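> My questions are about this predicted structure, shown below with the sequence.
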Amino acid sequence: MELKDFFEVHNKVALGFSGGVDSVYLLYAAVKYGADVATYYVNTQFQPEFELNDAKKAANLIGAELRTINYDILQHSDITMNTADRCYYCKRKLFNAIIKQAAEDGYTTVIDGTNASDIEGDRPGMKALKELEVLSPLRECGITKEKIRELSKEADLFTWDKSAYACLATRIPEGDKITSDKLFRIERAENILFEKGFTDFRIRLFHSAARIQLPNEQMDKIIGIRSEILSELEPYFDTIFLDLKGR
């Protein structure tokens with residue numbers, strides 16, 4: 001099946017939209033093939049501000065209205081306790097919010113940007129999508145991440161080379177309770193590195209310390225401005241480590 005065929009069959013859909021490579025291309029394809037697509041971004045404490053900004057920018061460039069659902073994900077103890085099944089519970093809650101709002105708006109078919117490169121065993125959230133009967137057109141059509149980047153570049157979408165980004169909760173070790181304070185400090189610290197030109201990195205909690213993971217090719221740069229990094233991150237973390245293994 002081709003995406004064109006999918007949107008001929010499912011010509012009125014609600015898209016769970018993240019502003020990442022996959023969902024942006026899927027929105028582009030839905031509009032290209034004439035589908036009536038409603039686009040929903042669920043804004044929680046797990047998403048940094050730049051992700052919402054990217055989602056708004058992408059939707060605007062494609063010519064779609066972005067509908068934002070503000071959701072307090074920290075109200076749920078099965079999320080904040082941060083067990084191995086956190087992603088499953090989180091995905092269910094986020095897509096239930098989309099399904100509810102989409103139904104009120106007149107959309108009964110919900111889709112997401114899961115692609116053919118995503119391995120189900122590695123992604124507990126995919127179990128939730130299956131249970132909720134959310135369709136994944138990119139996966140159904142056999143379109144891989146690499147192909148999505150290629151097609152996105154051809155379509156002149158700015159997300160074509162955007163780094164994969166996991167939510168802020170993934171920076172907190174399993175079993176360590178998730179709090180708004182921890183998320184705030186991680187986001188602020190990561191913003192500092194973004195502003196200094198670092199890419200595809202993570203700042204992970206290690207007890208009360210920050211552990212910076214960078215691609216190997218960026219190691220020399222961060223060591224060269226070590227004092228500057230320490231000075232700007234110390235308001236958020238008592239101790240800052242650099243993971244020499246790299247990402």
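Now that the structure is in, tell me what you want to look at.

> Contact partners for residue 222?
Residue 222 makes contacts with 198, 212, 214, 229, 242, as judged by C-beta atoms under 8 Å, 6 or more residues apart in numbering. C-betas here are computed from N, CA, C, even on glycine.

> longest helix anywhere in the chain?
Using DSSP state H to define each element, the chain has its longest helix at helix 86-104.

> could you say what helices and strands that helix packs with?
strand 12-16, strand 36-43, strand 66-70, helix 77-80, strand 110-111, helix 124-131 (3 or more C-beta pairs under 8 Å, 6 or more residues apart in numbering; DSSP states H and E).

> can you tell me which of those comes nearest to residue 59?
Taking C-beta to C-beta, strand 66-70 is the member of those nearest to residue 59, at 3.9 Å.

> List the buried residues for the closest one?
Neighbour-count burial for strand 66-70 flags 66-67, 69 (criterion: 16 or more other C-beta atoms under 10 Å).

> pLDDT below threshold where in the chain?
120-122 (pLDDT under 70).

> quick one, what contacts residue 72?
Counting by C-beta under 8 Å, 6+ apart, residue 72 makes contact with 44-45.

> Now render the buried residues of strand 66-70 as a markdown table, adding distance to residue 161.
Output for the buried residues of strand 66-70, formatted as a markdown table (distance: C-beta to C-beta, whole Å):
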| residue | distance to residue 161 |
| --- | --- |
| 66 | 22 |
| 67 | 27 |
| 69 | 28 |
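
> re the thing from before, which members of the contacts of residue 222 occur in helices, if any?
Secondary structure from DSSP H places residue 229 of the contacts of residue 222 in helices.

> Selecting buried members of the contacts of residue 222 in ChimeraX, what would you type?
Burial among the contacts of residue 222 is assessed by 16+ other C-beta under 10 Å; the matching ChimeraX selection reads:
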select :198,212,214,229,242
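
> rewinding a little: so for the longest helix of the chain, what gets flagged as buried?
Neighbour counts over helix 86-104 (16+ other C-beta under 10 Å) mark 86-95, 97-99, 101-102 as buried.

> Show me how this protein divides into domains.
Domain assignment for the chain by automatic domain parsing gives 3-161, 179-242.

> Pull the most distant pair out of the contacts of residue 222.
Largest separation among the contacts of residue 222 by C-beta to C-beta: 198 and 242, giving 11.7 Å.

> Can you pull the residues that touch both of these two?
214, 222.

> number of nearby residues for residue 133?
Residues lying near residue 133 (other C-beta atoms under 10 Å) number 10.

> Check the gap between the nearest residue to it once chain neighbours are set aside and residue 195 for me.
Of all residues not flanking residue 133 in the chain, residue 110 sits nearest, at 7.8 Å (C-beta to C-beta, 6 or more residues apart in numbering). From residue 110 over to residue 195 the distance is 36 Å, taken as C-beta to C-beta, to the nearest Å.

> So which of these two has more stuff around it?
When neighbours are counted by other C-beta under 10 Å, residue 110 and residue 195 differ, and residue 110 comes out ahead with 21 against 9.

> Quick check, that one in contact with residue 17.
No - contact between residue 110 and residue 17 fails when scored by C-beta atoms under 8 Å: they sit 11.1 Å apart.
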